[in-house]
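Q: Next come a sequence and a model predicted from it.
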Amino acid sequence: MAVFGALAAALGVVGLAVPDALLTVMGFEPVSDGGRAEGDHTLVFLTASSMAALNMGVYYVLAALADWKAFFRWTVPFRLLTCAVFTLAVVAGRAPAGFLGVGLWEGLGALATGAALRYERRRGAPAS
């Protein structure tokens, strides 16, 4: 959880400081400021998403430091939902293929978190 949180926070900072770099990482082609059409709010959306990622990353790190298992459990279904939505966005042609990596990151992170929680629960269970 702490690693995911730190990475989310770092990518949030990158999106706030160098939005074109984050667009490139996600498989989008950056557009120069002069090349943006009137009413193109890509940078506004990217700023909002990056700030959300920064905040979320900090929440994850704090939850990891507090060993807040309930929070960890809550993240599993919602990260799987994020994986499904992002994957469908690529399949439906709403996002470039490079964006699939974001969905896979979420899905694999959810599965790893769920497996770790299950392992810890079984390890801590008394022998019958």
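A: The structure has been received and is ready for your questions. Residues are numbered from 1 along each chain as shown.
Q: from here on, contacts and neighbour counts on C-alpha atoms
A: Fine.
Q: which residues touch residue 69?
A: By C-alpha atoms under 8 Å, 6 or more residues apart in numbering, residue 69 lies in contact with residue 117.
Q: what separates the helix or strand bottoming out on mean pLDDT in the chain from the chain centre, distance-wise?
A: Least confident helix or strand, the chain: helix 19-25 with a mean of 88, by mean pLDDT, DSSP states H and E. Centroid separation for helix 19-25 versus its chain: 15 Å, with C-alpha atoms, centre = their mean, to the nearest Å.
Q: Output the contacting helices and strands for that helix.
A: Contact here means 3 or more C-alpha pairs under 8 Å, 6 or more residues apart in numbering; DSSP states H and E; on that basis helix 19-25 packs against helix 2-17, helix 42-65.
Q: could I have that helix exported to PDB, CA atoms only?
A: The C-alpha trace of helix 19-25 is given here as PDB (Å, rounded to 0.1, in the frame of the first residue of the first chain):
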ATOM      1  CA  PRO A  19       1.600  17.600 -17.600                       C
ATOM      2  CA  ASP A  20       2.900  16.700 -21.000                       C
ATOM      3  CA  ALA A  21       5.200  14.100 -19.400                       C
ATOM      4  CA  LEU A  22       2.300  12.400 -17.700                       C
ATOM      5  CA  LEU A  23       0.200  12.400 -20.900                       C
ATOM      6  CA  THR A  24       3.100  10.700 -22.700                       C
ATOM      7  CA  VAL A  25       3.400   8.000 -20.000                       C
END
